[in-house]
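[1] 3D, please:
(one chain, ligands or ions: 1)
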Amino acid sequence: MTEILVEAEPAVAASLAGDRIPELRRFAHNLGRFGEERGLIGPLEPPRLWSRHILNSAIMAPLLRPGRVGDIGTGAGLPGLVLAIVRPDVHFVLIEPMERRVAWLEEQSAELELSNVTILRARAEDVRLDDPLDQVTARAVSALRTLLPLTAPLLRDGGELVLMKGASVDAEIASAEKQLRKYRVSDVRVDVLGEGVLDDVTRVVRGTVRARG
Ligand SMILES: C[S@@+](CC[C@H](N)C(=O)[O-])C[C@H]1O[C@@H](n2cnc3c(N)ncnc32)[C@H](O)[C@@H]1O
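    Below is the predicted model of the structure:
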């Protein structure tokens with residue numbers, strides 16, 4: 001089995017996860033050990049799981065406010081389960097349609113004794129919440145213009161999108177102009193996190209969603 005470099009970047013990990021590092025390491029270990037055979041991650045991922053996936057997800061933690069945060073298409077747990085580990089003060093609703101990924105998320109949240117996680121097996125567009133969310137995250141689910149119909153309707157009036165994106169984020173925002181208007185997303189901006197600290201920066205599109213009048 002490939003070694004998982006959970007000791008890499010210890011100062012960064014400490015600043016992001018504080019006293020939750022043991023739980024974060026345990027999750028990284030489990031994902032590295034079982035992720036490939038369970039079809040959760042590709043064969044190249046275990047050696048770079050910690051620096052490229054876990055810390056790149058954890059770095060979003062300071063953007064979250066105490067309240068209810070949804071993560072769409074959580075898959076193996078990125079970023080939703082990682083954020084649930086490092087932000088026990090926030091309640092997370094993880095929305096994922098694939099049965100084996102949901103089973104993994106349920107097992108991991110039980111093993112890590114996370115009491116701040118609700119897991120919904122569903123496609124985001126089919127979810128109807130009695131209590132809308134304060135913020136919604138997503139990573140590697142789809143381009144912004146198709147991601148907006150999956151995420152914005154789950155937010156309360158004044159709720160915030162916090163969407164992880166790649167280097168083509170500006171082009172994605174430009175081609176989502178119509179959907180940004182349709183879903184009344186204002187104050188759209190990109191935060192670049194982890195510069196000079198992580199191997200790869202994390203780009204996050206943020207925007208506030210107003211209810212339709
Ligand atoms: C490429 S994976 C990314 C998983 C994880 N977010 C990550 O960064 O590793 C995309 C995930 O989105 C989920 N997904 C696809 N369409 C979805 C939808 N309509 N609603 C919710 N999740 C969806 C898939 O099942 C899959 O787990």
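[2] what residues are up against residue 130?
    Contacts for residue 130 were tallied using C-beta atoms under 8 Å, 6 or more residues apart in numbering; there are none. Every residue, glycine included, has its C-beta placed from N, CA and C.
[3] List the residues that contact residue 153.
    Taking C-beta under 8 Å, 6+ apart as the definition, contacts of residue 153 comprise 125, 183.
[4] change it to 10 Å
    124-125, 127-129, 132, 136, 183, 209, 212 (C-beta atoms under 10 Å, 6 or more residues apart in numbering).
[5] Mind checking which of the residues you listed are in strands?
    Secondary structure of these is defined by DSSP state E; positions in strands are 136, 209.
[6] now, which of the contacts of residue 153 sits nearest the ligand?
    The closest of the contacts of residue 153 to the ligand turns out to be residue 124 (C-beta to the nearest ligand atom; 3.6 Å).
[7] What sits closest to the closest one if chain neighbours are left out?
    Once flanking residues are discounted, residue 124 sits nearest to residue 150: 4.0 Å by C-beta to C-beta, 6 or more residues apart in numbering.
[8] need the next SSE after the helix or strand containing the one you found, C-terminal direction.
    Assigned by DSSP states H and E, residue 150 belongs to helix 144-151. Towards the C-terminus, the helix or strand next in line after helix 144-151, according to DSSP H and E, is strand 155-165.
[9] got the angle for that next one vs helix 144-151?
    Following axes from the mean of the first three to the mean of the last three C-alpha atoms, to 10 degrees, one obtains 140 degrees for the angle between strand 155-165 and helix 144-151.
[10] same for the helix holding residue 150, what does it pack against?
    strand 68-72, strand 133-139, strand 155-165, helix 169-175, helix 177-182, strand 185-193, strand 202-209 (3 or more C-beta pairs under 10 Å, 6 or more residues apart in numbering; DSSP states H and E).
[11] So it, near the ligand or not?
    Yes - contact between helix 144-151 and the ligand is present through residue 150 (criterion: C-beta under 6 Å from any ligand atom).
[12] what's the offset of the helix or strand of the chain with the lowest mean pLDDT from the middle of its chain?
    Ranked by mean pLDDT, DSSP states H and E, the weakest helix or strand in the chain is helix 10-17, scoring a mean of 77. Chain-centre distance of helix 10-17: 18 Å, with C-alpha atoms, centre = their mean, to the nearest Å.
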